[in-house]
Structures are given as structure tokens and as C-alpha cells.
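Engineer: Build me a model:
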Amino acid sequence: MTASAIAAKATGYHIQGRTITCPVEVRDACASIAAFVVPSAVASGLVGEAFEIVDFLPGRTLLMLGCIDYRDNDLGDYNEVAINFFVRLAGERSGVPYLDAWKRMGTGEVPTFSWKMPVNQSFTRDAGAIIWGFPKTIERIDFDYSNERRFHGLLEMDGATVFEIDAPRGGGRSQPAMTSIAYSYIDGVPHRTRFTQKVSDLGIRPGWGVRLTLGQHPIADVLRRLGLPKRPLVSTWAGKMVMSFDAPERL
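Structural biologist: Alright, predicted model coming up:
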């Protein structure tokens, strides 16, 4: 860990009159996540010069569209949408075998980069941006659980619908605690954040049951350039997640 990360971990971050120390703990959250196969060339233009897209098929990568409901978290109770790609540091490796990329993704070894991460609360917006450099903005995010077998999510920005998604939920699997890495930019400088997550009530399904509708918004237009809406490769329901986020490390 860098000296700046150690100092921040010891002294904390002062945000909206509160002091937040790392690790930041998430005691209860749930998430609906859909994985879409998209063209790497388009995705490469969204991650900045410090990172490169990881291919899982020739010329193809994965876009992870996640709707996360943080129910008990050091940063509050809020909804979040994360549009993520799997990346590596620019020039770090080239020609990673596709099978190896799939295996490494399943163990958390392939880092992610969040292109967009809207939330619906101001404190987590400020904390996410200040601490980790996550691209958080305050938007309208509605999650509907009225159908016990389905999840419905809505993201609106600037008064326009970006997308609506409807996906299956429920599951009886579990995933032991796993350490992963998230990359980001803080003041234009690339950083790495290590985090752990443990999942229960987990369901993993083919993407047939997912319905994604795009609205009329610039972000929706970028998603169209990536080939959406279409059927995702797979959808995941995480009924309960426990997570812990470390302080970021400068790369």
C-alpha cells in the first residue's frame, strides 16, 4: 500500500461533516447483474489511456450492468447502477488466452473499471468520488421488488430514461469471500482499490429471462453503440452481499 493510502486509512476522509475510515464496510446489499458481450474496440474508448480492455473472445469483451441496493453500509442506504468493464493496466499483458481470462474473471483476478456509477444519495456520491475516484453522480434510480421472482430497475438522468431492466431473482447458492480489484482515476491519476465480497442467496442463469429497454439519453446512445439492447450472456442475482473496500492505492 502506498504512503498516501496508509495515511488516509489512518486519518480518514472528511466528507459532509463526517469522518470515513477504511476499510468501508457493507454489511448488507443485494444486486442484479447482467453480463453482455460487446465489441472491445468501442469499450476501449471508455476506459481512458491508463487501462486496456480484456478480451474474452476475439475482439469481444464483457460489459457488466449492475443494479446494487446498499441496505446497510458505512456510506448509507442507497441505490446504485454500475456499468463496468474488465481491464488491465496499459501494456501490462497482451494476448491473454481467452480461456485464461474466463478463469481469472471467476476468481476476481481480472480488475474492473467503472465507466458510469450513478447513485441516488449525495453522501455516497461525494464519498465515492473523493475516496476512490468512482464516477458517481446523483440520479433517479428506482428498484422494484413487488414481483417475488423478478427484479425491475430504472435509471433516469437529466429527466430522461437511460434504461429499464427486468431480470429474474432468487437463488440458493453461495460464494465464499473473494478479493477483487477496481481501477479508477483520482485527479486523472490511475489508482487501484482492493475489495472483498461474500455472497449468499446467489442465482446464476443464462440471460434469456432478462429484458433491457434503452431510452433517449446520451448514455443510452453509447450503450447502443456497444450493441445493446440484446440478450445478455448471463444474469446474476445476489440476494445478500457483504463487502469491504480498502483505501485506494496510487499506481
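Engineer: Low-confidence ranges, this structure, go.
Structural biologist: 1-11, 93-99, 101-103, 105-107 (pLDDT under 70).
Engineer: And the residue nearest the centre of it?
Structural biologist: In the chain, the residue lying closest to the centroid (Cα atoms, centre = their mean) is Ala82, at 4.0 Å.
Engineer: can I get the CA coordinates of the strand or helix carrying that one in PDB?
Structural biologist: Using DSSP states H and E, the element containing Ala82 is strand 78-89. Only the C-alpha atoms of strand 78-89 are listed here, as PDB (Å, rounded to 0.1, in the frame of the first residue of the first chain):
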ATOM      1  CA  TYR A  78     -28.800   3.900  -1.300                       C
ATOM      2  CA  ASN A  79     -29.300   2.600  -4.800                       C
ATOM      3  CA  GLU A  80     -26.500   2.400  -7.400                       C
ATOM      4  CA  VAL A  81     -26.000   1.500 -11.000                       C
ATOM      5  CA  ALA A  82     -22.600   0.300 -12.100                       C
ATOM      6  CA  ILE A  83     -21.500   0.000 -15.800                       C
ATOM      7  CA  ASN A  84     -18.200  -1.900 -15.600                       C
ATOM      8  CA  PHE A  85     -15.600  -3.400 -17.900                       C
ATOM      9  CA  PHE A  86     -12.800  -5.800 -17.200                       C
ATOM     10  CA  VAL A  87      -9.400  -4.200 -17.800                       C
ATOM     11  CA  ARG A  88      -5.700  -4.400 -17.200                       C
ATOM     12  CA  LEU A  89      -3.100  -1.800 -16.900                       C
END
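Engineer: by contact count, what packs against that strand?
Structural biologist: strand 51-53, strand 60-73, strand 112-116, strand 140-144 (3 or more Cβ pairs under 8 Å, 6 or more residues apart in numbering; DSSP states H and E). Using the backbone N, CA and C atoms, a C-beta is placed for each residue, glycine as well.
Engineer: Go again with 6 Å.
Structural biologist: Other helices and strands packing on strand 78-89, by 3 or more Cβ pairs under 6 Å, 6 or more residues apart in numbering; DSSP states H and E, are strand 60-73, strand 112-116, strand 140-144.
Engineer: of those strands, which approaches Leu155 most closely?
Structural biologist: Shortest distance between Leu155 and these, using Cβ to Cβ, is found for strand 140-144: 5.6 Å.
Engineer: how much space between the residue nearest to the centre of the chain and Trp115?
Structural biologist: 9 Å (Cβ to Cβ, to the nearest Å).
Engineer: All the helices of the chain, in order from the start?
Structural biologist: For the chain, applying DSSP state H gives helices covering 3-11, 40-44, 98-106, 122-127, 218-225.
Engineer: Now do the buried residues in the shortest one.
Structural biologist: Neighbour counts over helix 40-44 (16 or more other Cβ atoms under 10 Å) mark Ser40, Val42, Ala43 as buried.
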